[in-house]
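Enquirer: sequence? don't have it. structure:
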């Protein structure tokens, strides 16, 4: 049994392999720290805390990265079977391939500094506070959505939302849709904030320490009500629910999710 896994709970990792990393300039999965690629580093970390590791890839993922993931022993899942786009499709595609899993770590391949200790702490806090999902809360009230811990119910909800909101789906909808999500101030997870950095530029050594935010719990049932309204074709109802959700996130200081909920309300336009 891997370190950090319970005899009762089955825990898997979801590693988002990503596409061609055009903004970065070259594939992040194949970028190296020392003599190991980001993919090798992140896969090893996940394998220490998970019973198995699912790697989500797309048609844009370099073949070399896919072959490396296969050699590492991952469960490869192509995201072609869902209509939503980008990382949401990668995450949601795992839902149909992991029915016996209770909880999932989610991590993108551009988090090579993330430690086993940080991931286990995220799990422990999720179980302690009886939430359905958890993700770090960093600068400006932004959750670090490509680093998280979610249960199977949340993944299933996200897949449903991904199908309904396919034309503008976001990774943040994963945490918005969880019935209870813990947004964790980084000091509760680690004494070394560097372990939370994701690499968005070819020079990660210049990253700064994110401001400290208090940990908060948010309810995701408002989002779920809005999705139900959309499924029923009632856009006015959805807009009102999204506005309520936006107010909740702004009141908690989670500005990014507040912005996203507000834009969803605008999209369905009863403002």
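Expert: Great, that's in hand. These numbers come from a predicted model, not from an experiment. Numbers count the residues shown, from 1 in each chain.

Enquirer: What residues sit buried inside stretch 111-127?
Expert: In terms of neighbour count (16 or more other CB atoms under 10 Å), stretch 111-127 has its buried residues at 111-123, 125-126. C-betas here are computed from N, CA, C, even on glycine.

Enquirer: now the strands for the stretch 51-200 of the chain?
Expert: Applying DSSP state E, counting those that start in this stretch to the stretch 51-200 of the chain gives strands spanning 52-57, 75-78, 103-108, 133-138, 142-143, 147-151, 180-185.

Enquirer: Show me what the helix of greatest length in the chain is packed up against.
Expert: Among the elements of the chain assigned as helix by DSSP state H, the one spanning the most residues is helix 235-252. Identification of packing neighbours for helix 235-252 by 3 or more CB pairs under 8 Å, 6 or more residues apart in numbering; DSSP states H and E yields strand 216-219, helix 221-231, helix 255-268.

Enquirer: Using a markdown table, please lay out the ones you listed together with mean pLDDT and distance to residue 26.
Expert: Supplementary listing: the helices and strands packed on helix 235-252 in a markdown table, determined by pLDDT from 0 to 100; distance: least, CB to CB, whole Å:
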| stretch | mean pLDDT | distance to residue 26 |
| --- | --- | --- |
| strand 216-219 | 94 | 36 |
| helix 221-231 | 94 | 36 |
| helix 255-268 | 94 | 27 |
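
Enquirer: Now tabulate these in TSV and tack on distance to residue 177.
Expert: Formatted as TSV, the entries for the helices and strands packed on helix 235-252 read as follows, by distance: least, CB to CB, whole Å:
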stretch	distance to residue 177
strand 216-219	11
helix 221-231	5
helix 255-268	11
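
Enquirer: Residue 77 is nearest to which of these?
Expert: helix 221-231 (23.5 Å; CB to CB).

Enquirer: follow-up on the earlier one: how about the helices and strands packed on helix 235-252, which one is nearest residue 62?
Expert: Evaluated with CB to CB, these place helix 255-268 nearest to residue 62, the distance being 29.3 Å.

Enquirer: angle of the closest one against strand 133-138?
Expert: 110 degrees (axes from the mean of the first three to the mean of the last three CA atoms, to 10 degrees).

Enquirer: what's the angle between helix 255-268 and helix 235-252?
Expert: Angular relation of helix 255-268 and helix 235-252 on a 0 to 180 degree scale: 160 degrees, by the same axes, to 10 degrees.

Enquirer: Buried ones in helix 255-268, by neighbour count?
Expert: Applying a neighbour-count criterion of 16+ other CB under 10 Å, the buried positions in helix 255-268 are 256-262, 264-265, 268.

Enquirer: That helix - contacts with which helices or strands?
Expert: Of the remaining helices and strands, those touching helix 255-268 by 3+ CB pairs under 8 Å, 6+ apart are strand 142-143, helix 172-177, helix 221-231, helix 235-252.

Enquirer: Low-confidence ranges, the stretch 1-150 of the chain, go.
Expert: Along the stretch 1-150 of the chain, segments meeting pLDDT under 70 span 1-7, 19-25, 81.

Enquirer: Tell me where it has helices.
Expert: Taking DSSP state H, counting those that start in this stretch as the criterion, the stretch 1-150 of the chain contains helices spanning 38-49, 63-72, 86-92, 116-128.
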